[in-house]
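# just a sequence and a predicted model for now, questions to come.
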Amino acid sequence: RKRTTMPLFRPKAPEKPKPTVVAEPPRTKAQETASATVGAALEPSFLGANVFSDDKLRQAAPGAFSALDQARKTGAPLSKETKDELARALMSWAVSRGAINYAHWFSPMRGTCAQKHDGF
């Protein structure tokens with residue numbers, strides 16, 4: 001005779017936990033502005049807008065630009081007056097774009113890098 005075993009009860013399948021819905025807190029005006037700004041920063045017209053390029057230097061200080069271009073080609077040193085004119089052109093451009101601070105990033109010969117921060 002064949003013996004069979006029958007369970008006395010059937011276990012219930014475990015209930016699946018209900019997903020927890022977390023409501024996001026309301027966004028502040030600063031967060032909305034930041035999101036809009038980041039989105040605008042990814043627009044092609046914005047990319048490179050804050051770069052002081054050779055074209056911008058040529059427009060700001062044509063005499064100093066030609067001396068710089070010549071120095072690049074020949075390796076000749078720039079005069080102090082030319083360096084000052086280049087610095088004034090760069091500073092004027094930066095301030096016109098709202099800059100109030102600047103950083104000089106340099107790489108010493110020790111193999112590390114460093115920054116010097118200053119204000120206008």
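Arrived safely. Numbering: from 1, shown residues only.
# show me the strands in this structure, by range?
Taking DSSP state E, the strands of the chain run over residues 101-106, 114-119.
# for the first one, what is the average pLDDT?
Averaging pLDDT along strand 101-106 yields 78.
# which helix is the longest one in this structure?
The longest helix of the chain (DSSP state H) is helix 80-96.
# how far off centre is it?
24 Å (Cα atoms, centre = their mean, to the nearest Å).
# name the helices or strands packed onto that helix?
If contacts are counted by 3 or more Cβ pairs under 8 Å, 6 or more residues apart in numbering; DSSP states H and E, helix 80-96 sits against helix 54-60, helix 62-74. Where you see a C-beta, it was placed from the backbone N, CA and C, and this is true even at glycine.
# tell me how far the longest one lies from the chain's centre.
Going back to what we said before, that points to helix 62-74. Distance, stretch centre to chain centre, for helix 62-74: 30 Å (Cα atoms, centre = their mean).
# residues of it that come out buried?
Buried residues in helix 62-74, defined by neighbour count with 16 or more other Cβ atoms under 10 Å: Ala64, Phe65, Ala67, Leu68.
# taking helix 80-96 as reference, get the angle to it.
Interaxial angle of helix 62-74 relative to helix 80-96 (axes from the mean of the first three to the mean of the last three Cα atoms, to 10 degrees): 120 degrees.
# so in the chain, where's the weakest helix or strand by average pLDDT?
None of the helices or strands of the chain scores lower by mean pLDDT, DSSP states H and E than helix 29-41, at a mean of 67.
# returning to that earlier point: now render the helices and strands packed on helix 80-96 as JSON lines, adding mean pLDDT and distance to Pro26.
Formatted as JSON lines, the helices and strands packed on helix 80-96 follow (pLDDT from 0 to 100; distance: least, Cβ to Cβ, whole Å):
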{"stretch": "helix 54-60", "mean pLDDT": "93", "distance to Pro26": "42"}
{"stretch": "helix 62-74", "mean pLDDT": "93", "distance to Pro26": "51"}
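# looking at the ones you listed, spot the one closest to Lys18.
helix 54-60 (59.4 Å; Cβ to Cβ).
# identify the residue spatially nearest to Leu57, adjacent ones excluded.
Phe65 (5.1 Å; Cβ to Cβ, 6 or more residues apart in numbering).
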